[in-house]
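Peer 1: the following comprises the amino acid sequence and a computationally predicted model.
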Amino acid sequence: MKIVVTVKLVPDPNAEKKIDAGSKRLVRTGIETVLNPYDEYAIEGALKIKESLGGDTTVTIFSMAPAASKEVLRKALAMGADDAVLLTDPALEGSDVRGTAYAMAQGIKQTGFDLVICGGLADDGSTGGVPGALAEYLGVPGFTNCRQVEVAGGTLKVQRETDSGYQVVSGPLPALVSVTMAIGEPRYASLKGIMGAKKKSIATLALAALSVDGAVGGDGAKTEVRAVAAPPVREKARVVEAPDGAAGARAIFDLLKEKKLV
Amino acid sequence: MQATMNAGLNFDITAEQEAIQRLCRELADDLIAPAAEELDAKSEFPYDIVAKLAELGLLGIPWPEKYGGIGADTVSYALAVMEIARGDASVGITLAAHTSLGSAPFYYFGSEEQKQRYLVPLAQGTTLWGFGLTEPGAGSDAGNVQTRATLAGDHWVINGAKAFITNSGTRITGGTTITAWTGMRPDGRKEITNLIVPQNTPGFSASKKYRKMGWRASDTRELSFVDAQIPAENVLGGRGRGFKQFLDILDGGRISVAAVSLGLASAAFEAALKYAKERQAFGSAIGKFQAIQFKLADMKMEIEHAKLMMLKAAWEKDAGRDYVMSASLAKLYAGEVSRRVCNEAVQIHGGYGFMDEYPVSRYYRDQKVNEIGEGSNEIQRLIIARLLGL
Ligand SMILES: Cc1cc2nc3c(=O)[nH]c(=O)nc-3n(C[C@H](O)[C@H](O)[C@H](O)COP(=O)(O)OP(=O)(O)OC[C@H]3O[C@@H](n4cnc5c(N)ncnc54)[C@H](O)[C@@H]3O)c2cc1C
Ligand SMILES: Cc1cc2nc3c(=O)[nH]c(=O)nc-3n(C[C@H](O)[C@H](O)[C@H](O)COP(=O)(O)OP(=O)(O)OC[C@H]3O[C@@H](n4cnc5c(N)ncnc54)[C@H](O)[C@@H]3O)c2cc1C
């Protein structure tokens, strides 16, 4: 079975970030590029399936990113993935969610897959829109927010997180899932993995090798960023002080009433 | 050993070296530093952390894969020890002593059979091993071994004691390799032989752990031998070779002790820098005072300097060059830097630095032994002076 894990390369989540006022894009210079932290959970999920199935199950990392960040993918290989494919082309710059998902779908079709595993959210763009759109363009069922993913006898069984609990859903392969962090803490790359990653392949794929209709990159974007603004600073929390629990409850109730919330 | 290429001067490390360093940094931040205070307070050996290091291959970094190791170079190993020690010096020395003192003798001097039998589990990290050189009455003058071993048919009978032996009494310790005098040489000096003493040897025992000023989570014990019996074949690399062998082992070990000192100094520096930015006095952060700024600038300078010295020694070892002088310089300098940096880190913390809740107070206790173990500052100066032809 062939598992493809989509991994976005993002600016270091711990670095301080700025938006360029002119282009309205994130300023990436001087910030280290890393694996999208959420996607490390997707890799963990894939490696767990590989371990449970054994045999000839393989895990391929798929990323759409500038060519310069290619070596960042080595970490995913050190964690235990078998190989990686980097879809990279200057024409992809400025892709929106739809364009990203479309181009990725063409690349993943070419790479071949039985199961695509995505992270839940990219640390930079953070729309969470790519997995659903990708399933659509791949023409396979999509299972989002999965906390557990099992493959047995050629069928997929997942637990989808919901607000109140989880749903158990099964379906056929090929398919796409996106995982939540409940899938399990990403493993550390072992030293054997680190030393072995050197010998694994990171193939690059350019648009010319795919059948795309030109609706990619900034030109193909159906969305336009009109303005960028910082989120409003949250008001300081109001602390209710009271001599005992009952009086405290009363004070909070009065406050909620005053705000017409009860 | 790789041939030396003349690629000019280049300070870049390889992708693998960087990945190993990064992994160890993450482990230090995620698992080791958060556990350090409690391990120190309870003088508890970090079994869980050691198991994690073993699982990831960190207990066999320099040894070839066929002996259960990773086959990485000395630069990778030094960077790994440095980052782990940044999390906790006790864990750093546990790793360094296990590799450079416990395992290295088997790799460099063991027979193929001994490598398979002893080195493989050590590299995989399922067992730890000690190296027993120091005795209650012989430390710097380690050639003056009093522990006596006599061959009686198919076994050795050992009598004597060893002092301050790291990793010698944990639940997962497999044994200790000791120096013993096994006869007299034609030149009238003692014949010294390295002997392999498994933990369950009759007549051999490890004392309770010492109560120590620092490195409290590391396992340090006194060993005693009362008619202890080991098989005749438990000789490492030939009878009478012990003196030369332990000198060689100590040369390599110095790079990793420099790494422990550096990791500790880096942790102290980072804590002091952070504190200097936060702590307010006389209406501003104390980091705004030039007296504090200069301390931090000096700390940074000395750490950087010591790191370059450590990496140069490691690089020379990897290139198959003579690294004895560099390793000794690096060990000596890094040890002194760790003392100055940890001292200033406490100073910058003021009264809080004297309190156990602040890691710098532990760093201050942990640093002292860097100037004593594996050849004291005085002994390093002696070695350097000898190499200078004095
Ligand atoms: C400042 C800024 C402004 C933006 N403005 C817009 C806008 O106006 N309209 C718009 O549609 N988008 C916008 N984007 C989003 C940007 O185009 C997205 O980064 C991109 O389309 C992917 O979506 P996402 O980052 O939200 O990924 P998400 O949907 O959050 O990612 C979910 C998962 O999909 C996978 N994935 C996503 N991208 C990739 C990739 N490149 N390679 C491999 N796997 C991937 C990963 O597994 C990831 O965990 C903006 C981004 C920024 C930083
Ligand atoms: C925590 C810890 C862990 C250790 N782990 C190990 C281990 O795993 N294996 C092992 O074999 N040993 C170990 N040691 C022992 C360590 O290597 C010795 O303590 C060290 O070599 C110093 O020996 P000593 O304590 O006998 O001091 P001494 O040799 O008695 O020295 C006392 C003082 O005299 C100075 N001095 C001695 N000779 C000279 C000279 N010729 N010129 C000038 N000054 C001199 C010394 O520098 C020192 O300041 C450990 C020690 C400690 C504290």
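Peer 2: Perfect, thanks for sending it. Everything quoted here is computed from the prediction, not taken from an experiment. Ligands and ions are numbered 1, 2, ... in the order given.
Peer 1: would you map the helices across chain B?
Peer 2: Using DSSP state H, the helices assigned to chain B run over residues B:15-27, B:33-42, B:47-55, B:74-87, B:89-96, B:104-109, B:112-114, B:120-124, B:242-278, B:290-318, B:324-349, B:359-367, B:377-387.
Peer 1: let me have those in CSV, extended by mean neighbour count and distance to B:E135.
Peer 2: C-beta here means a position set from N, CA and C on the backbone, and glycine is covered the same way. Listed next are these as CSV, based on neighbours: other C-beta atoms under 10 Å in any protein chain shown; distance: least, C-beta to C-beta, whole Å:
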stretch, mean neighbour count, distance to B:E135
helix B:15-27, 20, 34
helix B:33-42, 16, 28
helix B:47-55, 17, 27
helix B:74-87, 27, 26
helix B:89-96, 31, 20
helix B:104-109, 22, 18
helix B:112-114, 12, 24
helix B:120-124, 22, 24
helix B:242-278, 24, 12
helix B:290-318, 18, 28
helix B:324-349, 24, 22
helix B:359-367, 24, 25
helix B:377-387, 15, 16
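Peer 1: wait, does stretch B:110-124 make contact with chain A?
Peer 2: No: if you take C-beta under 8 Å from any C-beta of the partner chain as the test, stretch B:110-124 misses chain A, and the best it gets is 10.8 Å.
Peer 1: pLDDT below threshold where in the stretch 201-350 of chain B?
Peer 2: Of all residues in the stretch 201-350 of chain B, none has pLDDT under 70.
Peer 1: would you pull up the residue in it closest to ligand 2?
Peer 2: B:T220 (4.7 Å; C-beta to the nearest ligand atom).
Peer 1: residue contacts, that residue?
Peer 2: By C-beta atoms under 8 Å, 6 or more residues apart in numbering or on different chains, the contact set of B:T220 is B:164-166, B:168, B:209-210, B:212.
Peer 1: repeat for A:S211
Peer 2: For A:S211, the contact set (C-beta under 8 Å, 6+ apart) comprises A:Q106.
Peer 1: please apply the same query to B:A15.
Peer 2: Residues near B:A15 by C-beta under 8 Å, 6+ apart: A:71, A:74, A:198.
Peer 1: and the last one, how many residues sit next to it?
Peer 2: This points to A:K198. By the criterion of other C-beta atoms under 10 Å in any protein chain shown, A:K198 has 13 neighbours.
Peer 1: element containing A:G22?
Peer 2: For A:G22, there is no enclosing helix or strand under DSSP states H and E.
Peer 1: so can I have JSON lines of the contacts of B:A15 showing pLDDT and distance to B:G132?
Peer 2: Output for those, formatted as JSON lines (pLDDT from 0 to 100; distance: C-beta to C-beta, whole Å):
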{"residue": "A:E71", "pLDDT": "94", "distance to B:G132": "45"}
{"residue": "A:R74", "pLDDT": "96", "distance to B:G132": "41"}
{"residue": "A:K198", "pLDDT": "94", "distance to B:G132": "38"}
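Peer 1: near chain B, list only the ones from these.
Peer 2: Among the contacts of B:A15, the residues within reach of chain B (C-beta under 8 Å from any C-beta) are A:71, A:74, A:198.
Peer 1: B:A41: which of the residues you listed is nearest?
Peer 2: Nearest to B:A41 among the ones next to chain B among the contacts of B:A15: A:R74, at 39.5 Å, using C-beta to C-beta.
Peer 1: what does the helix or strand where the closest one lies contact?
Peer 2: Assigned by DSSP H and E, A:R74 belongs to helix A:74-79. Contacts to helix A:74-79, defined as C-beta under 8 Å, 6+ apart, come from residues A:5, A:7, A:35, A:40, A:43-44, A:47, A:61, A:83-84, A:186-190, A:193-194, A:196-198, A:200, A:202, B:15, B:19.
Peer 1: cool, stretch B:23-38 as well?
Peer 2: A:188-189, A:191, A:194, B:44, B:46, B:49, B:52-53, B:56, B:58, B:79-80, B:82-84, B:86-88, B:90-91, B:217, B:263, B:267, B:356-357, B:359, B:362.
Peer 1: same question, stretch B:372-390
Peer 2: If you take C-beta under 8 Å, 6+ apart as the criterion, stretch B:372-390 is touched by B:93, B:140, B:164, B:250, B:253-254, B:257, B:324-325, B:328-329, B:331-332, B:335-336, B:371.
Peer 1: one more time with 6 Å, if that's ok
Peer 2: Stretch B:372-390 has contacts (C-beta atoms under 6 Å, 6 or more residues apart in numbering or on different chains) with B:140, B:253, B:257, B:325, B:328, B:331-332, B:371.
Peer 1: tally of neighbours for residue 195?
Peer 2: No chain specified, so I'll use chain A. Neighbours of A:M195 (other C-beta under 10 Å): 19.
Peer 1: hmm, no, I was thinking of chain B.
Peer 2: 23.
Peer 1: neighbours around A:K222, how many?
Peer 2: With other C-beta under 10 Å as criterion, A:K222 counts 9.
Peer 1: do B:D356 as well
Peer 2: The local packing count at B:D356 equals 11, with neighbours defined by other C-beta under 10 Å.
Peer 1: show me what contacts the nearest residue to B:G353 once chain neighbours are set aside?
Peer 2: Take B:G353 and drop its neighbours on the chain: the residue closest to it by C-beta to C-beta, 6 or more residues apart in numbering or on different chains is B:V346, 3.8 Å away. Going by C-beta under 6 Å, 6+ apart, B:V346 touches B:353, B:360, B:364.
Peer 1: for chain A, longest helix please?
Peer 2: With DSSP H setting the assignment, residue counts place helix A:37-53 as the longest helix in chain A.
Peer 1: quick one: mean pLDDT for that helix?
Peer 2: For helix A:37-53, mean pLDDT is 97.
Peer 1: say whether ligand 1 is contacted by the helix or strand following that helix.
Peer 2: Next along the chain after helix A:37-53, taking DSSP H and E as the criterion, comes strand A:58-64. Yes: judged by C-beta under 6 Å from any ligand atom, strand A:58-64 and ligand 1 are in contact via A:63-64.
Peer 1: could I have the CA atoms of strand A:58-64 written out in PDB?
Peer 2: C-alpha atoms of strand A:58-64 as PDB (Å, rounded to 0.1, in the frame of the first residue of the first chain):
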ATOM      1  CA  THR A  58       5.500   2.800   1.900                       C
ATOM      2  CA  VAL A  59       5.200   6.300   3.100                       C
ATOM      3  CA  THR A  60       5.900   9.100   0.600                       C
ATOM      4  CA  ILE A  61       6.100  12.800   1.700                       C
ATOM      5  CA  PHE A  62       4.600  15.200  -0.700                       C
ATOM      6  CA  SER A  63       5.200  18.900  -0.500                       C
ATOM      7  CA  MET A  64       4.500  22.000  -2.600                       C
END
